[in-house]
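Trainee: starting from these lines, generate the structure:
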Amino acid sequence: MSTIRLTMAQALLKFLDQQYISVDGEEIKFVKGVMGIFGHGNVTGLGEALENAAGELVYVQGKNEQGMVHAAAAFAKQKNRKQIYACTSSIGPGALNMITAAATATVNRIPVLLLPGDNFASRQPDPVLQQLEVVSDYTISANEPFKSVSKYWDRIVRPEQLMTAAVQAIRVLTDPAETGAVTLALPQDVQAEAYDYPLSFFERKVHYIDRRPPAPDAIKRAAALIAQKKKPLIVAGGGVLYADATRELAAFAEAYHIPVAETQAGKSVLPWNHSLNVGGVGVTGTLAANKLAQEADLIIGLGTRYSDFTTASKSAFTNPDVQFVNINVSAFDSSKLNGVAITADAKEGLIALHAALADVQYASSYSEGAIAALKREWDGEVDRLFAIEHELGLAQTRALGVIQETIDPSSVIVCAAGSMPGDLHRVWRPVEPKTYHMEYGFSCMGYEIAGAFGVALAEPDREVYALVGDGGYLMLHSELVTSLQEGRKITVLLLDNHGFQCIHGLQKSQGSAGFGNEFRYRSEETGRLTGEYMQIDFAAHARALGAKSFKANNAEELKAAIEQAKQETVSTLIEVPVVPGTGTGGYESWWNVGVPEVSESANVTKAGQAMNEKIRSITLL
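Mentor: Numbers count the residues shown, from 1 in each chain. Down below sits the predicted model:
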């Protein structure tokens with residue numbers, strides 16, 4: 001058997017460089033490159049391998065470990081999970097910084113490969129810098145927490161173990177039903193140890209992503225149930241996009257006159273002005289979608305995991321006869337809400353179900369103009385929100401309206417947390433698929449700018465806009481520097497509302513007078529953060545990092561700044577002060593949050609009682 005002597009780190013890169021996937025006959029190089037921040041735990045192992053033996057793998061220098069993993073996840077998401085970046089860190093703090101982003105990837109079913117450094121396998125020297133010393137179990141390191149947020153976890157303590165661990169890692173990363181964060185903990189001494197690896201380990205490997213067909217009996221069960229129902233509603237999730245099933249969805253909905261509501265991950269599956277697209281559903285849903293959800297006697301869930309925002313904490317679907325049919329490549333998700341499960345690729349499942357319903361000549365009972373009337377009502381509401389003028393300054397919905405009308409329809413917007421995801425889910429009007437990139441599985445504040453950089457890596461020919469609040473910007477903006485370093489332009493639209501106003505609003509809606517969520521100076525009078533708003537010059541900060549920047553105080557200035565930003569060749573930030581509390585409200589939706597049953601505040605106690613009464617009224621599945 002022919003062999004080649006390599007360090008474990010060199011062998012890992014050589015293996016990754018030879019992995020390909022095949023989807024519908026198209027072969028794609030699976031691992032684009034490695035994002036990393038070096039420390040003593042990886043610089044002489046993976047760092048040396050990347051310097052001297054990277055093959056075709058591209059190295060991208062991160063600035064924050066969490067940020068670089070967000071960027072890698074956004075890249076994979078925008079690529080419909082067909083290509084990834086690996087991420088490497090040192091041991092200890094560097095590794096732990098990746099935990100939050102690893103969880104974000106796993107919750108969203110997005111593949112990322114994490115390669116944190118680890119303690120010396122030899123245990124000499126001991127303890128090494130940044131090593132945990134857990135006296136009850138000396139095998140534990142700072143990488144153990146990755147187990148709870150990874151779909152596959154392994155620690156390679158001998159160089160030959162790489163050959164089984166790497167194969168299993170790629171298996172999980174390329175499995176549509178099982179994918180998420182995969183962690184290979186790499187002790188820093190083992191990274192540098194050499195082994196005579198068989199050359200066969202490095203042969204070009206194509207992983208065939210075969211579309212999982214539905215079981216014929218599952219289609220029969222689902223079709224039989226649908227045939228009995230009059231008012232079905234489709235809830236389309238991210239799985240529709242990952243399966244490239246938007247055309248099949250449109251054909252299915254049109255054939256049987258079924259309205260389509262979208263989750264955050266599924267938004268843009270149909271153009272906003274498609275006659276059957278009723279927009280977002282649930283807590284952040286449109287009035288049209290939520291009214292239809294209340295009346296629906298059947299929910300057809302396509303590629304959705306049914307988060308509490310999608311189901312309005314299981315209160316959205318109030319018809320006593322409502323039942324569920326779920327098409328999902330993951331059996332875990334297809335079985336939710338006691339639904340009839342079609343465990344299959346979304347495209348294959350839709351095609352088969354379409355044929356079965358055609359055989360029985362199914363049609364919904366919606367009148368010709370019922371859905372159109374709801375759409376007209378909602379479109380009018382969005383127009384009103386976009387046009388709001390506020391006496392104190394620029395309303396947030398007005399700012400979003402200006403952004404919508406000014407950027408090109410092919411541009412990609414990226415968002416994740418705060419008040420804007422709710423606004424965007426309701427009012428944003430995408431025309432093309434994959435132009436709405438929302439991380440709302442984990443709603444991870446700090447994803448926005450790093451995510452936009454990842455999208456720019458995936459879509460270099462599109463304009464990419466990060467929509468972020470001042471809270472999200474302050475939390476994590478470091479990959480703005482990486483976008484400048486890599487020459488991948490993003491435009492940051494920073495809506496400054498002086499704090500964590502989304503949670504401030506939630507807090508006040510449940511009886512609080514407001515506490516700890518606005519960016520105010522501490523008051524000598526109250527001893528709390530109730531003084532004047534802090535004044536932060538975000539535009540100046542971005543300029544100091546090397547970006548271009550503008551400040552827009554009104555709609556006209558915002559439009560002009562966006563037009564100017566389009567002409568820039570480097571990353572740009574537009575600071576947009578908005579009036580706090582001027583986002584959208586709920587439209588016949590509810591969210592279950594824990595509210596104290598007793599409190600010093602009578603308003604809080606009253607809100608807690610109302611919350612408990614609502615909970616008791618819901619049939620939980």
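
Trainee: which residue is nearest the centroid of this protein?
Mentor: Centroid-nearest residue in the chain, with Cα atoms, centre = their mean: residue 439, separated by 2.4 Å.

Trainee: that residue touches residue 108, doesn't it?
Mentor: Yes. Residue 439 is in contact with residue 108 according to Cβ atoms under 8 Å; the separation is 6.5 Å. Just so you know, the C-beta spots here come from the backbone N, C-alpha and C atoms, and that holds for glycine as well.

Trainee: which residues do these two both contact?
Mentor: Listed contacts common to residue 439 and residue 108 are 73, 77; contacts here mean Cβ atoms under 8 Å, 6 or more residues apart in numbering.

Trainee: can you confirm residue 184 is in a strand?
Mentor: Yes. According to DSSP: H, G, I helix; E, B strand; the rest coil, residue 184 belongs to a strand.

Trainee: please tell me how far it sits from residue 16.
Mentor: In this view, residue 184 and residue 16 are 11 Å apart by Cβ to Cβ, to the nearest Å.

Trainee: between these two, which contacts overlap?
Mentor: Contacts common to residue 184 and residue 16, judged by Cβ under 8 Å, 6+ apart, are 113, 166.

Trainee: for the residue nearest to the centre of the chain, give its distance to residue 113.
Mentor: 19 Å.

Trainee: elements contacting the helix or strand encompassing residue 240?
Mentor: If you go by DSSP states H and E, residue 240 is part of helix 238-242. Applying 3 or more Cβ pairs under 8 Å, 6 or more residues apart in numbering; DSSP states H and E, one finds that helix 238-242 contacts helix 346-359.

Trainee: what comes up buried for the helix it packs on?
Mentor: Residues 346, 347, 348, 349, 350, 351, 352, 353, 354, 356, 357 are the ones in helix 346-359 that count as buried (16 or more other Cβ atoms under 10 Å).

Trainee: show residues contacting it.
Mentor: Contacts for helix 346-359 (Cβ under 8 Å, 6+ apart): 211-214, 216, 219-220, 222-223, 226-227, 239-240, 242-245, 248-249, 251-252, 255-256, 302-303, 327-329, 342, 344.

Trainee: same thing but 7 Å
Mentor: 211-214, 219-220, 222-223, 226, 239-240, 243-245, 248-249, 251-252, 255-256, 302-303, 327, 342 (Cβ atoms under 7 Å, 6 or more residues apart in numbering).

Trainee: buried only: go through the residues you listed for me.
Mentor: For the contacts of helix 346-359, buried by 16+ other Cβ under 10 Å: 211-212, 214, 219, 222-223, 226, 239-240, 243-245, 248-249, 252, 256, 302-303, 327, 342.

Trainee: returning to that earlier point: could the buried residues of helix 346-359 be laid out in JSON lines, adding pLDDT and distance to residue 201?
Mentor: What follows is these, written out as JSON lines (pLDDT from 0 to 100; distance: Cβ to Cβ, whole Å):
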{"residue": "346", "pLDDT": "98", "distance to residue 201": "34"}
{"residue": "347", "pLDDT": "98", "distance to residue 201": "34"}
{"residue": "348", "pLDDT": "98", "distance to residue 201": "33"}
{"residue": "349", "pLDDT": "98", "distance to residue 201": "36"}
{"residue": "350", "pLDDT": "98", "distance to residue 201": "39"}
{"residue": "351", "pLDDT": "98", "distance to residue 201": "38"}
{"residue": "352", "pLDDT": "98", "distance to residue 201": "39"}
{"residue": "353", "pLDDT": "98", "distance to residue 201": "42"}
{"residue": "354", "pLDDT": "98", "distance to residue 201": "44"}
{"residue": "356", "pLDDT": "98", "distance to residue 201": "45"}
{"residue": "357", "pLDDT": "98", "distance to residue 201": "48"}
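
Trainee: now, which of these sits nearest residue 423?
Mentor: residue 346 (27.5 Å; Cβ to Cβ).

Trainee: how much space between the closest one and residue 212?
Mentor: Per Cβ to Cβ, residue 346 is found 10 Å from residue 212.

Trainee: next: residue 339.
Mentor: For residue 339, the distance to residue 212 - Cβ to Cβ - is 17 Å.

Trainee: just to be sure, residue 590 is in a strand?
Mentor: No. Remark: residue 590 does not belong to a strand; assigned using three-state DSSP, it is coil.

Trainee: in what helix or strand does the closest residue to it other than its chain neighbours lie?
Mentor: In space, and not counting its chain neighbours, residue 590 is closest to residue 315: 4.9 Å by Cβ to Cβ, 6 or more residues apart in numbering. According to DSSP H and E, residue 315 maps onto no helix or strand at all.

Trainee: how many residues are close by residue 315?
Mentor: 23 (other Cβ atoms under 10 Å).

Trainee: which residues touch the helix holding residue 240?
Mentor: 80-81, 176, 246, 249, 263, 265-266, 269, 302-304, 328-329, 346, 433-434.

Trainee: pLDDT averaged over that helix - what is it?
Mentor: On average, the pLDDT along helix 238-242 is 98.

Trainee: check which element follows it along the chain.
Mentor: That would be, after helix 238-242 and using DSSP H and E, helix 246-256.

Trainee: strands paired with the following helix or strand past that next one, and their directions?
Mentor: Next along the chain after helix 246-256, taking DSSP H and E as the criterion, comes strand 260-262. Strand 260-262 pairs in its sheet with strand 232-236 (parallel), strand 277-280 (parallel), by DSSP bridges.

Trainee: these into TSV, with extra columns for mean neighbour count?
Mentor: Listed next are the strands paired with strand 260-262 as TSV, based on neighbours: other Cβ atoms under 10 Å:
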stretch	mean neighbour count
strand 232-236	28
strand 277-280	28
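
Trainee: among these, which comes closest to residue 376?
Mentor: Closest to residue 376 of the strands paired with strand 260-262 is strand 277-280 (Cβ to Cβ; 11.4 Å).

Trainee: average pLDDT for the helix or strand just after the closest one?
Mentor: Using DSSP H and E, the next helix or strand after strand 277-280 towards the C-terminus is helix 287-295. On average, the pLDDT along helix 287-295 is 98.

Trainee: which residues sit against helix 287-295?
Mentor: 231, 233, 259, 261, 278-281, 316-319, 374-375, 377-378, 381, 587-589.

Trainee: the same query, at a cut-off of 6 Å, please.
Mentor: 231, 233, 259, 261, 278-279, 281, 316-318, 374-375, 378, 587-589 (Cβ atoms under 6 Å, 6 or more residues apart in numbering).

Trainee: and the protein, what are its domains?
Mentor: For the chain, automatic domain parsing gives the domain ranges 3-208, 216-373, 388-498+534-577.

Trainee: return the distance of the last one from the chain's centre.
Mentor: The chain centre lies 16 Å from the centre of domain 388-498+534-577; the measure is Cα atoms, centre = their mean, to the nearest Å.

Trainee: any idea which helix or strand comes after the helix or strand harbouring residue 414?
Mentor: Here residue 414 sits within strand 412-415, counting by DSSP H and E. Remark: after strand 412-415, the chain's next helix or strand is helix 420-427, criterion DSSP H and E.

Trainee: what angle sits between that next one and helix 287-295?
Mentor: Interaxial angle, helix 420-427 versus helix 287-295 (axes from the mean of the first three to the mean of the last three Cα atoms, to 10 degrees): 80 degrees.

Trainee: next SSE downstream of helix 420-427?
Mentor: Defined by DSSP H and E, the subsequent element after helix 420-427 is strand 436-438.

Trainee: in its sheet, what does that next one sit against?
Mentor: Strand 436-438 pairs in its sheet with strand 412-415 (parallel), by DSSP bridges.

Trainee: my read is that residue 471 contacts residue 502, right?
Mentor: No. Under the criterion of Cβ atoms under 6 Å, residue 471 is not in contact with residue 502, lying 8.6 Å apart.

Trainee: what touches both of those two?
Mentor: Common neighbours of residue 471 and residue 502 (Cβ under 6 Å, 6+ apart) do not exist.

Trainee: circling back to that earlier point, tell me which of the domains of the chain sits nearest to residue 602.
Mentor: The closest of the domains of the chain to residue 602 is domain 216-373. By Cβ to Cβ, the value is 24.9 Å.
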